[in-house]
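# model this:
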Amino acid sequence: MDRDYELQTHRAEDRHWWYRGRRKVIEGVLAGLGLPPEARILDAGCGSGRNMVELARHGTVTGVELSDTSVALARARSCGEVIEGSVLEMPFPDGVFDLAVSLDVVEHLEDDLAAMRELRRTVAPGGALLVTVPAYQWLWSGHDVINHHHRRYTRRSLQRVAEQAGWRQVRTTYFNSLLLPVAILLRVLDRVSTKTTESSLDLWVPPEPVNWVLERPLAIESAMIARGGRIPAGLSLLAVFR
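You can find the predicted model right below:
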């Protein structure tokens, strides 16, 4: 990710409806995992550490992040240890974590199988992996180019790479589904545009009343997912593996 765009992301993630909504979805799933008290949690590709704030409520969290800019921001949050390094080669012994989360990370990696194997190595037997990724290759757009994505996923393609790495899938659901038709239209318009930018409307934080309204669908979905519901389609995909 380009540094300017990376900084735009960090400025948006506290208030932007999508980031706030995704945190609600993840929290609902975490609550149902049955984590042990003071669970050992890995945030693989932790970015600025914003998600470590919530993860730290469930145990002791350690972040790994490649970008030195993001590492500095994450360490400033004082939510746990933050190590500068690659998800593909992490400086941990085998089986030291009860839970690993990797939130919109593996799509950035050329070798997603190697990342899944490294995550498998660091999680203890019986532990879990929670992953979120962007959904559907046919939704590929300038957003993916700016973010240096290598791919988008379906439930089946994510399951395939995880199982090759030794994981067993226990749960999947799409989310951010109610805005899928709008996103399809925006992606179509993006494709016919010849303009290339280092910014994105995806990171624009609207006025708070609009931001609140846009977050409502994700809030509804998070409640459904927390109760064990499965959403059949959406802009994003969440999976839990053991």
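# Can you name the element that comes right after the longest helix that the chain contains?
In the chain, with assignment by DSSP state H, the single longest helix is helix 208-226. Later in the chain than helix 208-226, the nearest helix or strand by DSSP states H and E is strand 236-241.
# where in the chain is pLDDT low?
Low-confidence segments of the chain (pLDDT under 70): 1, 186-187, 190-202.
# in it, which residue is closest to the centre?
Leu103 (1.9 Å; CA atoms, centre = their mean).
# Break down this protein into its strands, ranges please.
39-44, 59-65, 80-84, 97-103, 123-134, 169-175, 236-241 (DSSP state E).
# Select, out of the ones you listed, the one closest to His149.
For the strands of the chain, the distance to His149 is smallest for strand 123-134, at 6.9 Å, taking CB to CB. All C-beta atoms are positioned from the backbone trio N, CA, C, and that covers glycine.
# now the residue nearest to Met52 when sequence neighbours are not counted: how far from Pro125?
Spatially, and ignoring its direct neighbours in sequence, Met52 is nearest to Cys79 (4.1 Å; CB to CB, 6 or more residues apart in numbering). From Cys79 over to Pro125 the distance is 27 Å, taken as CB to CB, to the nearest Å.
# out of these two, which sits in the more crowded spot?
Cys79 (23 against 7; other CB atoms under 10 Å).
# isn't that one right next to Thr62, touching?
No. Cys79 lies out of contact with Thr62 (CB atoms under 8 Å); the separation is 9.9 Å.
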